[in-house]
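Undergrad: Provide a 3D model corresponding to the input given below.
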Amino acid sequence: MASQTVSESASLKATSQTSISDLDPVSGVNRWDWFLLLSLGNFKIILVGFYMLSIVTILKQSGFTLNQLSIFYLLGFTELTQLVISSVIQRYQVNHQRGHFRFWLLLSNIIIFLALFALFWIDITTQFGLLMLCCFVLSIMGNFLAGATLGLNSTILSYRERGMGGVISVISARSGRMIGGGLVLYLYQYWGWHVAVGLMLAISILINIQLFFYREPKIRGVQSQVCSNTAMITWKMMGKRLITYWQEEGTGWKWFLLLLLSCIPYALTATTFIPVLSDQGWDMAEVGTILAIYLPVLCMIAGPISGILMRYYSRFTVIFGILAILSLVFISFIFTEKLRAFYSNIFIVQIMVLSIGYTLLLPAVMAIFMDKASKEMATLDSSLQYTIMIGGAAIAGFFSLRIANSFGFATVYGVATAISLFTVFFLAISCRQLFQREVV
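TA: Numbering: from 1, shown residues only. Down below sits the predicted model:
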């Protein structure tokens, strides 16, 4: 895709058009590239699980109040800096022979290691200010890590490889949650804080070793353009890109709306999992086992099926088919209480089916992220789409329990169903052209 700027970016537009057909990896992506992408996706979610699940649980057990703990949830808003961070990564090109994205990945992970090393020496129950500072650094640097990883994915993976790239991202996220939010707590319970943080330090060291010896695959045509691109891509051009990206033939308001709506039904429903399970008599240990162990394992097993589907069917067919089936699942949630008369644990089955469905859907959506990202602004374009999708989910998560408190859980599921059905019909009637193959 070409950037639709007026005069300053005429040459960038030309190179963007060239990149659609010409910029493919010379030697292809090897197993070390795949292993690094898996490790990076895993590590980002390990970090989130570490400070949003493990540390919050430890503080709660140490007697911290809910008001004190709520401060930690402000870290979730740092996800909104992803677009700014991606702009920084895109703007400041590093012409290192081992790769531009490698530099940002290595820099962010070194700072993550230093923050974890500082956490190793503090008492988190008495030095709350230092704890928050370290976790803030982990959150921001985690966003740098995620932005550079997304840019690397979009740049080095070919059209056929992007489906598997999405699968790897989803699987690594599920396993990362188990490590950061499960294994760390287990180590803390039996061996203490130093062993728990020691695991995080060990993982960071392993990632740093991988990055130190890593060399990004060369892309035909890019090497001769790197220096010129650095001069061409300015802050003004990237500011225009935030608007002109949505004016391109392959995106537009239809793609914007699809991204916004894609995760709202799931976010509305998933926010109710814990309170509904609690109301049904499950204790917190059982809820944690279901949502943090059984569910990720099932999703990791199911994840590769998405890559197989995308080998044999078009992106449109896969996404439309999964969304249509998920609409039926959302409808079933409306009748959960009635279905419990036939099977008391039906809600758990619904949770499993819904989560597996979205595990199959997200790799296809992420593959299209990469399809619709230009090579010259891969990081910015990918993060722009990601921000819209996450923004919709964040809004839904904010209102879900408020709707449930006022009107009941069935109303939440009714809203999720309505949005899901609208998305399916909108996709079928108006959006097929958005899924035309854009990259050879």
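Undergrad: how about the helices in the stretch 101-250 of the chain?
TA: In the stretch 101-250 of the chain, the helices defined using DSSP state H, counting those that start in this stretch lie at 128-156, 162-178, 184-191, 193-212, 226-232, 235-244.
Undergrad: ok, then the element right after the last one?
TA: Moving toward the C-terminus from helix 235-244, the next helix or strand (DSSP states H and E) is helix 252-262.
Undergrad: did I read that right, Val56 in a strand?
TA: No - under DSSP: H, G, I helix; E, B strand; the rest coil, Val56 falls outside any strand and is assigned helix.
Undergrad: Just give me how far stretch 420-434 sits from the chain centre.
TA: Here stretch 420-434 is found 23 Å from its chain centre; the criterion is CA atoms, centre = their mean, to the nearest Å.
Undergrad: Put together CSV for the helices of the stretch 101-250 of the chain, with mean pLDDT, mean neighbour count and distance to Gly41 on each row.
TA: For glycine as for every other residue, the C-beta is placed from the backbone atoms N, C-alpha and C. Below are the helices of the stretch 101-250 of the chain laid out as CSV (pLDDT from 0 to 100; neighbours: other CB atoms under 10 Å; distance: least, CB to CB, whole Å):
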stretch, mean pLDDT, mean neighbour count, distance to Gly41
helix 128-156, 83, 22, 6
helix 162-178, 71, 24, 3
helix 184-191, 82, 16, 18
helix 193-212, 91, 17, 11
helix 226-232, 45, 14, 26
helix 235-244, 70, 15, 25
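Undergrad: Dump these to a markdown table, plus distance to Ala396.
TA: Shown next, in a markdown table, are the helices of the stretch 101-250 of the chain (distance: least, CB to CB, whole Å):
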| stretch | distance to Ala396 |
| --- | --- |
| helix 128-156 | 21 |
| helix 162-178 | 19 |
| helix 184-191 | 28 |
| helix 193-212 | 31 |
| helix 226-232 | 37 |
| helix 235-244 | 23 |
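Undergrad: Show the model's pLDDT score for Phe113.
TA: Model confidence at Phe113, given as pLDDT, is 95.
Undergrad: separation between the closest residue to it other than its chain neighbours and Ala196?
TA: Of all residues not flanking Phe113 in the chain, Ser204 sits nearest, at 4.4 Å (CB to CB, 6 or more residues apart in numbering). According to CB to CB, to the nearest Å, Ser204 and Ala196 sit 14 Å apart.
Undergrad: before we move on, what about Lys372?
TA: Using CB to CB, Lys372 is found at 40 Å from Ala196.
Undergrad: when you compare where the helix or strand encompassing Ala367 runs with where helix 252-262 runs, what's the angle?
TA: Using DSSP H and E, Ala367 sits within helix 346-371. Relative orientation of helix 346-371 versus helix 252-262 (axes from the mean of the first three to the mean of the last three CA atoms, to 10 degrees): 150 degrees.
Undergrad: and helix 346-371, what does it pack onto?
TA: Other helices and strands packing on helix 346-371, by 3 or more CB pairs under 8 Å, 6 or more residues apart in numbering; DSSP states H and E, are helix 128-156, helix 162-178, helix 264-270, helix 273-279, helix 295-312, helix 315-334, helix 336-339, helix 378-407.
Undergrad: Please name the residues that touch Ile290.
TA: Listed by CB atoms under 8 Å, 6 or more residues apart in numbering, the contact set of Ile290 reads Leu277, Trp282, Ile348, Ile351.
Undergrad: Tell me, what's the model's pLDDT at Gln436?
TA: Reported pLDDT for Gln436: 62.
Undergrad: okay if I get the contacts of Ile290 as CSV plus pLDDT and neighbour count?
TA: Output for those, formatted as CSV (pLDDT from 0 to 100; neighbours: other CB atoms under 10 Å):
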residue, pLDDT, neighbour count
Leu277, 82, 19
Trp282, 77, 18
Ile348, 93, 18
Ile351, 93, 22
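Undergrad: Kindly present those residues as CSV, with separate columns for distance to Leu361.
TA: What follows is the contacts of Ile290, written out as CSV (distance: CB to CB, whole Å):
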residue, distance to Leu361
Leu277, 23
Trp282, 27
Ile348, 20
Ile351, 16
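Undergrad: Go through those residues and name the one nearest Thr423.
TA: Relative to Thr423, the closest of those is Ile351; by CB to CB it sits at 20.5 Å.
Undergrad: Surely the closest one and Phe273 touch.
TA: Yes - using CB atoms under 8 Å, Ile351 is in contact with Phe273, at 6.0 Å.
Undergrad: joint contacts of these two?
TA: Leu291.
Undergrad: how about TSV for the helices and strands packed on helix 346-371, with distance to Lys44 added?
TA: Shown next, in TSV, are these (distance: least, CB to CB, whole Å):
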stretch	distance to Lys44
helix 128-156	5
helix 162-178	7
helix 264-270	19
helix 273-279	23
helix 295-312	15
helix 315-334	24
helix 336-339	33
helix 378-407	12
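Undergrad: Among these, which comes closest to Arg241?
TA: helix 378-407 (6.1 Å).
Undergrad: Give me the residues contacting the next helix or strand after the closest one.
TA: Downstream of helix 378-407, the first helix or strand assigned by DSSP H and E is helix 409-430. Helix 409-430 has contacts (CB under 8 Å, 6+ apart) with 254, 257-258, 261-262, 264-266, 268-269, 272, 276, 319-320, 323-324, 326-327, 330-331, 333-334, 336-337, 400, 403-404.
Undergrad: switch the cut-off to 7 Å
TA: Helix 409-430 has contacts (CB atoms under 7 Å, 6 or more residues apart in numbering) with 254, 258, 261-262, 264-265, 268-269, 272, 276, 320, 323-324, 326-327, 330-331, 333-334, 400, 403-404.
Undergrad: tally of neighbours for Ile334?
TA: Look at Ile334: counted by other CB atoms under 10 Å, it has 17 neighbours.
Undergrad: And the closest residue to it other than its chain neighbours, how far from Leu328?
TA: The shortest distance from Ile334 to any non-neighbouring residue, by CB to CB, 6+ apart, is to Tyr413 (4.7 Å). Distance, Tyr413 to Leu328, by CB to CB: 12 Å.
Undergrad: higher neighbour count, those two?
TA: Using other CB under 10 Å as the criterion, Tyr413 and Leu328 rank with Tyr413 on top: 23 against 13.
Undergrad: What score does that one have for pLDDT?
TA: According to the predicted model, the pLDDT of Tyr413 comes to 95.
Undergrad: swap in the one 4 residues further on?
TA: At Thr417 the predicted local distance difference test score is 96.
Undergrad: that older thread, can you tell me which residues contact the residue nearest to Phe113?
TA: Contact analysis of Ser204 by CB under 7 Å, 6+ apart lists Asn109, Ile112, Phe113, Leu116.
Undergrad: pLDDT averaged over stretch 292-307, what's the number?
TA: In this model, stretch 292-307 carries a mean pLDDT of 80.
Undergrad: What residues sit buried inside it?
TA: Ala292, Leu295, Pro296, Leu298, Cys299, Met300, Ala302, Gly303, Pro304, Ser306, Gly307 (16 or more other CB atoms under 10 Å).
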